[in-house]
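In: need a 3D model of the following:
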Amino acid sequence: MSTTKVTLAKALNMGLRKAMEDDPKVLLMGEDVGKLGGVFRITDGLQKDFGEDRVIDSPLAESGIVGTAVGMALRGYRPVVEIQFDGFVYPAYDQIVCQVAKMSFRSQGRLPMPMVIRIPFGGGIGAVEHHSESPEAQFAHTPGLKVVSCSNPVDGYWMIQQAIASDDPVIFLEPKRQYHADKADLDVTATPGPLFASRVVRHGGDVTVLAYGPMVKTCLRAAEAAAGEGKSLEVIDLRSVSPLDMGPVLESVRRTGRAVVTHEAHVNLGLGAELAARITEQCFYSLEAPVLRVGGFDTPYPPSRIEEEWLPDLDRVLDAVDRVLEF
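Out: Numbering: from 1, shown residues only. Down below sits the predicted model:
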């Protein structure tokens, strides 16, 4: 086994490169993805190695980027488009919801839509509001779209390749504050698990804590802190937002009797509501307490100087753990 220590940004770059090497129909498109290598340098060096026909610098027009990719996918290509920042996706919302999500269903499967829409999402980088949003619930609520989020470099490398190989359209959410935050050992010869599967990333017996994307690291830190107080938290990385893999979640909650759901998006009508409903429906007689949710506040994303007050942090997760244990 040969491993390399890589950041999430590097792992995504490696995954995109491998997908392009394996399939000449894979191409990249987006604002500044070519010559610049993307604002976060995720596509760095790929245009130089694969040429301008496969790594395409687009105009500043998200509707045009996604609309063009729809045509390419219909012609047999596997386009991977980058939305430069989460808040820039809305000009393309019509194409994503009305064309990307519905084409395969409308054609009874005769016209697959094998495309990936990469979206750096979430806050924590000191940016303004339309650079720091969490729009996942809007896409998860759209039938026909698959929505996934990696939380670490190893998942980033494998999940981007699996998403590209899928014949269904995938919204691929990348936690931007994790791009260059940590390194992990990546073994490119390993066999990855399924794309649409949740995973227990820390075992525990007192409370089940659910997270995805940027909140996984926060919840793991919370579990470490709770362990110092004699509380055992089981942390599950959902990885796939739609479809949700509830198997590990339900098994864990039936054992712990308590659940806390976390996400960076604001709480009202977020993914936490769906998860709480499913847990309550299927684990009602195992629950010792209500399912609690931890998320951002129900306001537009704040100015960068106060974003740390808005973002759910270790203390807010631990507060929910304390409250769920008091029942």
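In: what ranges of the stretch 51-200 of the chain fall below the confidence cut-off?
Out: Scanning the stretch 51-200 of the chain for pLDDT under 70 picks out no residues.
In: that one: helices as residue ranges?
Out: 62-74, 93-95, 103-106, 136-140, 153-165 (DSSP state H, counting those that start in this stretch).
In: which other helices and strands contact the last one?
Out: Which is helix 153-165. strand 4-7, helix 8-22, strand 116-121, strand 146-149, strand 170-175, strand 183-186 (3 or more C-beta pairs under 8 Å, 6 or more residues apart in numbering; DSSP states H and E). C-betas here are computed from N, CA, C, even on glycine.
In: nearest to Val317, of these?
Out: strand 170-175 (16.0 Å; C-beta to C-beta).
In: could you say what helices and strands that closest one packs with?
Out: helix 8-22, strand 116-121, helix 136-140, strand 146-149, helix 153-165.
In: what does that strand rub up against?
Out: Residues from elsewhere that reach strand 170-175 (C-beta atoms under 8 Å, 6 or more residues apart in numbering): 8, 12, 42, 96, 115-122, 136, 139, 145-151, 156, 159-160, 163, 213-214, 241.
In: quick one: that strand to helix 153-165, angle?
Out: Strand 170-175 runs at 160 degrees relative to helix 153-165, counting by axes from the mean of the first three to the mean of the last three C-alpha atoms, to 10 degrees.
In: quick one, domains of the chain?
Out: 4-186, 199-326 (automatic domain parsing).
In: can I get those in a markdown table with mean neighbour count and distance to Pro192?
Out: Output for these, formatted as a markdown table (neighbours: other C-beta atoms under 10 Å; distance: least, C-beta to C-beta, whole Å):
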| stretch | mean neighbour count | distance to Pro192 |
| --- | --- | --- |
| domain 4-186 | 20 | 4 |
| domain 199-326 | 19 | 11 |
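In: could you dump the ones you listed to TSV with distance to Gly193?
Out: Formatted as TSV, the domains of the chain follow (distance: least, C-beta to C-beta, whole Å):
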stretch	distance to Gly193
domain 4-186	8
domain 199-326	7
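In: ok, the residue minimising distance to the centre of the chain - contacts?
Out: Closest residue to the average C-alpha location of the chain: Ser149 at 1.7 Å, with C-alpha atoms, centre = their mean. Residues in contact with Ser149, defined by C-beta under 8 Å, 6+ apart, are Phe121, Glu136, Phe172, Leu173, Glu174, Pro175, Tyr212, Gly213, Leu238, Arg239, Ser240, Val241.
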